[in-house]
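Q: would you be able to build a 3D model of this:
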Amino acid sequence: MIFSKQIFTNSIKKVSATTLVGVCALFGTQMLISTELNASTIVPTSYNLSELHTAMNRQIPDGYIKTNYKVNFIEKSEKSEKPSASELSLEDATEIMAQEIFRFSKEDLSNQTLTMIYDPASTMHTFEKNKGYKDYELLASWDCSLKLSTYIINVSIDSSTGELLTIGMHYLSKSNVPYYEDEEFMSNDIDPAITKAMDSADKNFKSNKAQNLEKVKKLISQAGYLSDSIKSIEYTGVYYEGNSNLVIYSFKITTTSDKQYHFDLYEGLTRFSNIATPAHLKQYNR
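A: So this is what the prediction gives:
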């Protein structure tokens, strides 16, 4: 599994570029917007929606108040596919993204800019060790990026249902770019301090594993992402985010209806780093 301590200590690129590694197996669209802005057409708009135009059964996060956020719609090219009539409009998708960002971070989106991309259904070709080449059929999605002063929040939802696929945050480097675009950081030299930090974090977690798992279980249960109660929680290891110099802990959640989620938490186990829902994960488990 990509988040094992062993794999992330074998390569500095895998230690630092956590989302880049995850593209092939877990957080498939997290990097899409950040890596394609330069080749896109930006169409600025602004919304202050009173309600979603599409009738959907959505639970609005506690404390959420609609604000006058701004929207940059990115077209990959002039020939890019557009959402069909049965898919969410840009307005509806953006409002769902705003709600999901608030649920995840409690950020005030007043006058913030949400960058939106429509990503049509596609086939992702990957090579997996001991498995060879494999294709994954990916859902059509709306993807959103919010760049703040020290970090970026990325969100992906199903373009038809509005269901959350992935959401995560990633710190910017000192040069104000995402860690996976920082050439200075993406070196091949393994810093022994990184391995030491990961080993120490893993050891500390396991030394009080039952209590730590209960703490994580309570946090996830109260966060509003699960459709039913937790049947099991599995600690799957740690990895390192270079720009923040923080160790991140990974967990696999199975609910009573056998739905699976992945949650990553920063040190302290009080703040999410990445979340992947069953709708996203099932694309890779078929």
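
Q: only C-alpha atoms for contact and neighbour calcs from this point on.
A: Noted.

Q: quick check: closest non-adjacent residue to residue 167.
A: Distances taken as Cα to Cα, 6 or more residues apart in numbering place residue 155 nearest to residue 167, at 4.3 Å, with adjacent residues excluded.

Q: tell me the helix or strand right after whichever strand or helix holds that neighbour.
A: Using DSSP states H and E, residue 155 sits in strand 151-158. Per DSSP H and E, strand 151-158 leads on to strand 164-171 as the next helix or strand towards the C-terminus.

Q: thinking again about what came up before, by how many degrees do the strand holding residue 155 and strand 164-171 diverge?
A: Orientation check (axes from the mean of the first three to the mean of the last three Cα atoms, to 10 degrees): strand 151-158 against strand 164-171 gives 170 degrees.

Q: give me the mean pLDDT for strand 151-158.
A: Averaged across strand 151-158, the pLDDT comes to 96.

Q: ok, and what's touching it?
A: 29-31, 97, 100-101, 139-147, 163-172, 178 (Cα atoms under 8 Å, 6 or more residues apart in numbering).

Q: now with 6 Å?
A: The contact list for strand 151-158, computed with Cα atoms under 6 Å, 6 or more residues apart in numbering, reads 30, 141-146, 163-172.

Q: can you give me the strands for the stretch 51-200 of the chain?
A: Taking DSSP state E, counting those that start in this stretch, the strands of the stretch 51-200 of the chain run over residues 70-75, 113-119, 122-128, 132-138, 141-147, 151-158, 164-171.

Q: got the angle between the strand holding residue 155 and strand 113-119?
A: Using the same axes, to 10 degrees: strand 151-158 against strand 113-119 is 40 degrees.

Q: check the offset of strand 151-158 from the chain's centre.
A: 6 Å (Cα atoms, centre = their mean, to the nearest Å).

Q: so, low pLDDT: which residues of this protein?
A: Where the chain drops to pLDDT under 70, the residues are 1-57, 76-80, 128, 174-190, 286.

Q: tell me where it has helices.
A: 5-10, 12-16, 18-22, 32-36, 90-105, 192-207, 209-222, 278-281 (DSSP state H).

Q: on that earlier part again, adjacent strands (with direction) for the strand holding residue 155?
A: strand 141-147 (antiparallel), strand 164-171 (antiparallel) (DSSP bridges).

Q: CA atoms only: put the last one into PDB for me.
A: Think strand 164-171. Output of strand 164-171 as PDB, limited to C-alpha atoms (Å, rounded to 0.1, in the frame of the first residue of the first chain):
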ATOM      1  CA  LEU A 164     -17.600  14.000  -2.600                       C
ATOM      2  CA  LEU A 165     -14.700  12.000  -4.100                       C
ATOM      3  CA  THR A 166     -11.600  13.400  -2.400                       C
ATOM      4  CA  ILE A 167     -10.600  16.500  -0.400                       C
ATOM      5  CA  GLY A 168      -7.200  17.400   1.000                       C
ATOM      6  CA  MET A 169      -4.800  20.200   1.900                       C
ATOM      7  CA  HIS A 170      -1.200  20.600   1.000                       C
ATOM      8  CA  TYR A 171       1.300  23.200   2.300                       C
END
